[in-house]
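Trainee: quick one: sequence plus predicted model below, questions after.
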Amino acid sequence: MTDNELIWRVAGGSGDGIDSTSQNFAKALMRAGLNVFTHRHYPSRIRGGHTYVEIRAAEHEVKSRGDGYNFLLALGDSFARNPQENAYYGNEETKPLSENLDDLREGGIIVYDSGLLDADDVPNFEERAEANDWHVFDLDLRGLAKEHGREVMRNTAGVGATAALLDMDLTHIEDLMADAMGGDILEANLEILQESYDQVDEEYDFEHDLRVPTGEHDEEQVLLSGSNAIAYGALDEGCRFISGYPMTPWTDVFTIMSQNLPKFGGISEQVEDEIAAAALAVGASHAGVKSMSGSSGGGFALMSEPLGLAEMTETPVVLVEAMRAGPSTGMPTKPEQGDLEHVLYSSQGDSNRVVFAPGTVGEAYDQTRMAFEMAYDYQIPAIVVFDQKLSGENTNLPASFFDREPNPDPGSVLTEDEIAEAAHDESGKFHRFLHETEDGVSPRSLPGQKGGRYLATGNEHNPSGHISEDPENRVYQMDRRMQKLESIREELDEERESQQTYHGPEDADYGIITWGSQQGAVEEAVDRLNDAGRSVKSIGVSDMMPFPETETTEFLESVDEALVVEMNATAQFRGLTQKELGLYGDKMTSLLKYNGNPFEPGEVVKGFEAQIDDSADDLATGTRIEPAAGD
């Protein structure tokens, strides 16, 4: 973490408005000219339980949550006094304070709501505060909120106190409040905001150095999450149907799509389970509507049969797999990258699919659009796989990033004139699954098109769709379907800008490889290592299937050793790389983490140094090294 940045953590009870409070504060910091990055931590409960959100803000680009934080706003948990809650989860009254002290940096600021929290109940609080030179402010935020409005408005009081301590102008915060509310509610919140600001400003001496950084954007910015980006990418690619069943963290994408599809004349359908969800999306796409579905973990497992149906019938569809810690129910609100092999190989037989794993919010938008293009151009299922971390983190992007043309093109669908010129069997059925094609893509018609009649079945079939177990036909159809992946690989390699992300000096001696949401932490770690005199570069791989063989081979050939960073226990991406390349097992060491928390840049730095310097004792807690083959 650099000196000229703010990492603000607001902690309290799930259901107490922590998320909305942090969202508005992040927008205010963005409007003040700063780059922001947020991180959400919340329990697998509807209400109650300790939760927090971090906002990292700086003039420079921020790619991860950073390491630790320097400002804690502890609001208390209004549900913690419930005897039933205490009996099941233990005493949670002090958790907004007690659970958040380990990561608070030396010289940091603590503001806590003395109306709900008592620091005397936190073991060794005074001693720790003195030893770490923390600046502690106990404010009765609850009482102030009740005096001017309602207790629930204590979050506003906390933001006002934060602004005063950081010498931050209230204008952007007030504007955001005016955008979100009105009437007496707005008036009460504005009074509480100003009252808490004035109280802190007038009654306390500021001995801390922390102030809100200054910055200025060259153009208008927007704040959005990975889930927002996936939904907006789908809408811009012409998706007009989504079906799903709620499951964290996939629910965010489903909700955003459901809110926006009606504006574009589209349809959202919540169904009884994930089998039905995927099947409906396949059916809608068969009828000619660009469609998507998705789920998380166990829900996606139910989609394996419709996924195979889409492959066999060559029906384009886009699925989203939002990973969380498993197996089974696992930890529903914690990130992990344990579903990679599940996504790549689910469904029976030698089935093909395109799989992209975006590493940033911007990539989530781009690669969702690419998934639709590949699915509908090549008549193949495409999957966007991401995790709970990327789903919920917010960052700012230039508004111009989204100045792209929408793409309503239905893909490789013939016109009726083209169908009339195409091959048909003796009974007039269209050769939908023609054997001889250059790129594996056979001619496609939609239901109702003149001359485009054929049979669609999950059984193996002949060119017009009739069930067939003829050995020669089987080989033709399998080889043709398999050819699509090679054709897609050629297009991605030769005609498209690379979706892999490179960072660091090209001639570096060492490499770090990662995939998905850990990309930002890895890139910041690379910068720190190079600043310390190391010679390191990184590649963030997004193309999971087809795998970018040329790019990863060139990267591994160019370095002496490579550290593969991923959030799972079995080094799944490293295994995929070795499988696809057939080499370099002796060059790749894994740094793994699977405790429900994402990597911090400092943990990657320690992992790299532990591997290169052969000092495993220096690893960060919660991470481990999986040695290279032969070590």
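Mentor: Done, it's in. Residues are numbered from 1 along each chain as shown.
Trainee: report the contact partners of Glu523.
Mentor: Glu523 sits next to 63, 501, 503-504, 538, 540 when contact means CB atoms under 8 Å, 6 or more residues apart in numbering. C-beta coordinates here come from the backbone N, C-alpha and C atoms, glycine included.
Trainee: which pair in the residues you listed spans the largest distance?
Mentor: Lys63 and Gly504 (13.2 Å; CB to CB).
Trainee: circling back: just the ones of the contacts of Glu523 in strands?
Mentor: 501, 503, 538, 540 (DSSP state E).
Trainee: closest to Ile467 among those?
Mentor: Gly540 (44.2 Å).
Trainee: for that closest one, grab the count of nearby residues.
Mentor: 26 (other CB atoms under 10 Å).
Trainee: that one and Asp618, how far apart?
Mentor: Here the criterion is CB to CB, to the nearest Å. By it, Gly540 lies 25 Å from Asp618.
Trainee: can you check Val385 too?
Mentor: 32 Å.
Trainee: these two - which one has more neighbours?
Mentor: Neighbours were tallied for Val385 and for Asp618 using other CB under 10 Å; the higher tally belongs to Val385 (26 against 10).
Trainee: what about the more buried one, helix or strand, and which?
Mentor: In this assignment (DSSP states H and E), Val385 forms part of strand 381-387.
Trainee: what mean pLDDT does the helix or strand that that strand is followed by have?
Mentor: Once the chain leaves strand 381-387, the next helix or strand it forms, by DSSP H and E, is helix 388-392. Mean per-residue pLDDT for helix 388-392: 97.
Trainee: quick one: contacts of helix 388-392?
Mentor: The list of residues contacting helix 388-392 from outside it, by CB under 8 Å, 6+ apart, reads 38-40, 225-227, 248-249, 252-253, 322-324, 333-336, 358-361, 364, 516-517, 598.
Trainee: cool, and stretch 431-443?
Mentor: 314, 377-379, 412, 414, 418-419, 422-425, 430, 444-445, 452, 454, 456, 461-465, 473, 476-477, 480-484, 486-487.
Trainee: restricted to buried residues, select the residues you listed in PyMOL.
Mentor: To isolate the buried ones among the contacts of stretch 431-443 in PyMOL, judged by 16 or more other CB atoms under 10 Å, type:
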select buried, resi 314+377+378+379+412+414+419+422+424+430+444+445+452+454+456+461+462+463+464+465+473+476+477+480+481+483+484+487
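Trainee: next, the angle from the longest helix anywhere in the chain to strand 381-387.
Mentor: Looking across the chain with DSSP state H, the single longest helix is helix 471-494. With axes from the mean of the first three to the mean of the last three CA atoms, to 10 degrees defining the directions, helix 471-494 sits at 50 degrees from strand 381-387.
Trainee: so which elements touch helix 471-494?
Mentor: helix 361-378 (3 or more CB pairs under 8 Å, 6 or more residues apart in numbering; DSSP states H and E).
Trainee: next, the angle from the helix it packs on to helix 471-494.
Mentor: Using the same axes, to 10 degrees: helix 361-378 against helix 471-494 is 140 degrees.
Trainee: for helix 361-378, which positions count as buried?
Mentor: 361-378.
Trainee: same check on stretch 49-63?
Mentor: Across stretch 49-63, burial judged by 16+ other CB under 10 Å covers 49-59, 62-63.
Trainee: and the average pLDDT for it is what?
Mentor: According to the model, stretch 49-63 has a mean pLDDT of 95.
Trainee: run the chain-centre distance for that stretch.
Mentor: Distance of stretch 49-63 from its chain centroid, counting by CA atoms, centre = their mean, to the nearest Å, is 15 Å.
Trainee: again, but for stretch 539-550
Mentor: 18 Å.
Trainee: what's the span of that stretch, first residue to last?
Mentor: End-to-end distance for stretch 539-550: 13 Å, by CA to CA, to the nearest Å.
Trainee: hang on, the earlier thing: filter the buried residues of stretch 49-63 down to the ones in strands?
Mentor: Those of those lying in strands (DSSP E): 50-58.
Trainee: pick the one among those closest to Ala276.
Mentor: Of those, the one sitting nearest to Ala276 (CB to CB) turns out to be Thr51, at 32.2 Å.
Trainee: check contacts around that closest one.
Mentor: Contacts for Thr51 were tallied using CB under 8 Å, 6+ apart; they are 11-14, 16, 18-19, 40-43.
Trainee: can you check Gln499 too?
Mentor: 356, 363, 366-367, 370, 492, 542-543, 548.
Trainee: using the three-state scheme, assign it.
Mentor: Using DSSP: H, G, I helix; E, B strand; the rest coil, the structure places Gln499 in coil.
Trainee: and the helix or strand in which Ala161 is found, average pLDDT?
Mentor: Element membership for Ala161 (DSSP H and E) is helix 154-165. Averaged over helix 154-165, pLDDT sits at 96.
Trainee: which other helices and strands contact it?
Mentor: Using 3+ CB pairs under 8 Å, 6+ apart, helix 154-165 is in contact with strand 5-13, helix 18-31, strand 69-74, strand 104-113, strand 135-139, helix 141-148, helix 171-180, helix 183-203.
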